[in-house]
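J.: Just need the structure, nothing else, for what follows:
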Amino acid sequence: MFSISRHSDFTPSGATCSALSNSFPPVTMAGRAHALSLYKSILRAHAKYMPLEMRQLGDAYVKAEFRLHKSVTKTDQLEQFFTEWDKYLRHVEHTGRQKQSRDLGLVDSPPSSSDLSNHGQQPQQTKFGRDMTNDVEFNEEQMSQLEQLREEAARAGRGK
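T.: Just a heads-up that it's a prediction; the model follows:
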């Protein structure tokens, strides 16, 4: 398990400090602190911004991914792992803050094409995530992970 530390080498901008890049693999204290800080930040963002069903699925996925990467020792893999999760965290926080601002009436949301297609009905809810392009290629392991995620999402949608 990752150790708990009150201080980490994680910068708010999502960039890694030079001290951190020298401290991989995450079995070092600085690497563990970074991993734990990022992990906790993602779970907090889920709790603050996501609907319950998405939160449960997201939390389970994050926990599984961080567990799988706990023993990774290749610096380039770890840097990519943390970079992508940093991007994900920024996306969840940004989308959640936008939704909160609109819900509180602090900003007007410009009508989107989906809002206009509702023919005067309530605008659709804020969406988390983004559509993938058609030119993305996955290896066998990634396809397996996507299939597992699809199954989990289907189970969550049925409330099981």
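J.: How much space separates residue 132 from residue 105?
T.: According to Cβ to Cβ, to the nearest Å, residue 132 and residue 105 sit 33 Å apart. Glycine gets a C-beta too; all of them are placed from N, C-alpha and C.
J.: buried ones in the biggest helix by length in the chain?
T.: Identified as the longest helix of the chain according to DSSP state H is helix 75-103. Within helix 75-103, the residues that count as buried by 16 or more other Cβ atoms under 10 Å are 78, 81-82, 85-86, 88-89, 92-93, 95-96, 99.
J.: got the contact list for residue 61?
T.: By Cβ atoms under 8 Å, 6 or more residues apart in numbering, the contact set of residue 61 is 149, 152.
J.: Swap in 6 Å and give it another go.
T.: For residue 61, the contact set (Cβ atoms under 6 Å, 6 or more residues apart in numbering) is empty.
J.: what about it, which helix or strand?
T.: Secondary structure from DSSP states H and E places residue 61 in helix 52-68.
J.: What average pLDDT does that helix get?
T.: Mean pLDDT, computed over helix 52-68, is 91.
J.: for stretch 101-108, same thing?
T.: For stretch 101-108, mean pLDDT rounds to 73.
J.: Stretch 142-160 now?
T.: For stretch 142-160, mean pLDDT rounds to 76.
J.: What are the phi and psi values at residue 105?
T.: phi 80, psi 20 (degrees, to the nearest 10).
J.: What about it, how many residues nearby?
T.: Counted with other Cβ atoms under 10 Å, the neighbours of residue 105 add up to 7.
J.: Check residue 70 too.
T.: The tally of other residues near residue 70 (other Cβ under 10 Å) stands at 14.
J.: try the one 4 residues further on
T.: The number of residues packed near residue 74 is 11, by other Cβ under 10 Å.
J.: Could you pull up phi and psi at it?
T.: Backbone geometry at residue 74, expressed as degrees, to the nearest 10, gives phi -80, psi 120.
J.: distance of it from residue 80?
T.: Distance, residue 74 to residue 80, by Cβ to Cβ: 9 Å.
J.: go on, residue 70?
T.: Per Cβ to Cβ, residue 70 is found 16 Å from residue 80.
J.: Please consider this matter closed, and thank you.
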